[in-house]
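**Student:** Dropping a prediction and its sequence here:
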Amino acid sequence: MHIEISRPFSLLVIVGVAVFGLSHLIGSGQTAILLDAQGGDEAPQVAIHTAEDEVRRARLESELAERHIAVLKYQLNRLEEERKVMGPDLSEELNEEFRAGLRLIVELIEGKRRADDKMVQSFQQMWDANRAGLAAASLSEDDPIINIYWPVEPTYGISAIFQDPEYKEYFGMEHNAIDIPALQGTAVVTADDGVVEEVIDNGSGYNFVTVRHVGDYVTLYGHLSELHVQKGQQILRGDPIGLSGGMPGTAGAGNLSTGPHVHFELITGAGHINPLKHLPAAGVELRS
């Protein structure tokens, strides 16, 4: 398998603007409060939520609102680039989805106030997703044995790598995930055996699934256009959990995405770690 990771392409997915920096921003101020340790096989529920987190979230919302027109214009450019890359594989239906996504971003540029409201809504959903992943993995070992596989085939490479320095330079926050471009509606499978921890359906907002694996490390799959599992369900590696999304204006994409892809996180007791270090990656090529 040959994977190309394009550096200019590393900024493709704006959707991580919120999620990707949250773990880093929480840092030493993060407090885990054990709310309810239930018996049996179910892991205790942990809430990661402090007043300091809320202050930082408010600051991030303000900063993103200030730069939102620039972000929208960047989304527009990246979506056009994505369409060029996927062009030969696009059906007329998928081509029309790209055109609709481009029109949506243009409309948001023309109506900044409405765009700001949508951006804040998506930001809050991504913040909640980040906290859900950290909470689920809070009892994990810092360095568990991890053997995972791709949630979708990386046919189009990686559009944003883990903690990409260009991404941080542009957006001011870390990218604690990898983004895997995939045609809209591609089957997304679980990366390893586990139990579904969360299934969050925000409609046209940011949809995601988290899965807790042996050793209690967690994988998170974001921008799902359809959700095919339920909380508490036991699944095996390769089992379908939903369909990919990410096209602006479609179910599960949220309002900050620039194109169809799967947002993929790997979280342990030590926090977010680089999924690429634990994925089959023979033939990875990093282009400057």
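**Tutor:** Structure received. Since we're looking at a predicted model, the values are computed, not measured.

**Student:** okay, CA-based contacts and neighbour counts for the rest of this
**Tutor:** Will do.

**Student:** Enumerate every residue touching residue 186.
**Tutor:** Residue 186 sits next to 152, 243-245 when contact means CA atoms under 8 Å, 6 or more residues apart in numbering.

**Student:** so which of these comes closest to residue 142?
**Tutor:** Among these, residue 152 lies closest to residue 142 (CA to CA), at 26.1 Å.

**Student:** show me where the stretch 101-250 of the chain has strands.
**Tutor:** 178-181, 187-189, 194-200, 208-212, 218-222, 224-227, 234-235, 240-244 (DSSP state E, counting those that start in this stretch).

**Student:** Tell me which other helices or strands the longest one touches.
**Tutor:** Packed against strand 194-200, as judged by 3 or more CA pairs under 8 Å, 6 or more residues apart in numbering; DSSP states H and E, are the following elements: strand 208-212, strand 234-235.

**Student:** Nearest to residue 270 among those strands would be which one?
**Tutor:** Closest to residue 270 of the helices and strands packed on strand 194-200, according to CA to CA: strand 208-212, at 14.9 Å.

**Student:** Helices of the chain, start to end?
**Tutor:** 16-26, 51-66, 68-86, 92-110, 112-136, 165-171 (DSSP state H).

**Student:** rewinding a little: could the strands of the stretch 101-250 of the chain be laid out in JSON lines, adding distance to residue 158 and mean neighbour count?
**Tutor:** As requested, the strands of the stretch 101-250 of the chain are exported to JSON lines (distance: least, CA to CA, whole Å; neighbours: other CA atoms under 10 Å):
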{"stretch": "strand 178-181", "distance to residue 158": "5", "mean neighbour count": "26"}
{"stretch": "strand 187-189", "distance to residue 158": "16", "mean neighbour count": "22"}
{"stretch": "strand 194-200", "distance to residue 158": "25", "mean neighbour count": "21"}
{"stretch": "strand 208-212", "distance to residue 158": "19", "mean neighbour count": "28"}
{"stretch": "strand 218-222", "distance to residue 158": "15", "mean neighbour count": "27"}
{"stretch": "strand 224-227", "distance to residue 158": "17", "mean neighbour count": "24"}
{"stretch": "strand 234-235", "distance to residue 158": "26", "mean neighbour count": "18"}
{"stretch": "strand 240-244", "distance to residue 158": "15", "mean neighbour count": "23"}
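
**Student:** Which one of these lies nearest to residue 142?
**Tutor:** Among the strands of the stretch 101-250 of the chain, strand 218-222 comes nearest to residue 142, with 11.9 Å by CA to CA.

**Student:** Bridging across strands, which residues link to the closest residue to residue 208 other than its chain neighbours?
**Tutor:** In this structure, residue 208 finds its nearest non-sequential neighbour in residue 222, 4.3 Å apart by CA to CA, 6 or more residues apart in numbering. Counting by DSSP bridges, residue 222 forms beta bridges with residue 208, residue 263.

**Student:** So residue 222 versus residue 141, what's the distance?
**Tutor:** 23 Å (CA to CA, to the nearest Å).

**Student:** So what sits opposite residue 188 in the bridge?
**Tutor:** Counting by DSSP bridges, the residues bridging with residue 188 are residue 242.

**Student:** before we move on, the earlier item: would you reformat the helices and strands packed on strand 194-200 as CSV and include distance to residue 199?
**Tutor:** Converted to CSV, these look like this (distance: least, CA to CA, whole Å):
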stretch, distance to residue 199
strand 208-212, 5
strand 234-235, 13
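
**Student:** quick one, what contacts the residue nearest to residue 208?
**Tutor:** Contacts of residue 222 were listed using CA under 8 Å, 6+ apart, and they are 206-209, 262-264.

**Student:** could you redo the last one with a cut-off of 6 Å?
**Tutor:** 208, 262-263 (CA atoms under 6 Å, 6 or more residues apart in numbering).

**Student:** From residue 129, how far out is it?
**Tutor:** Distance of residue 222 to residue 129, given as CA to CA: 9 Å.

**Student:** Now for residue 251: which residues touch it?
**Tutor:** Residue 251 makes contact with 203-204, 225, according to CA under 6 Å, 6+ apart.

**Student:** ok, back up a step: could the strands of the stretch 101-250 of the chain go into a markdown table alongside mean pLDDT and distance to residue 93?
**Tutor:** A markdown table is the format used below for the strands of the stretch 101-250 of the chain (pLDDT from 0 to 100; distance: least, CA to CA, whole Å):
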| stretch | mean pLDDT | distance to residue 93 |
| --- | --- | --- |
| strand 178-181 | 92 | 18 |
| strand 187-189 | 98 | 17 |
| strand 194-200 | 95 | 27 |
| strand 208-212 | 95 | 24 |
| strand 218-222 | 95 | 23 |
| strand 224-227 | 96 | 15 |
| strand 234-235 | 97 | 32 |
| strand 240-244 | 97 | 15 |
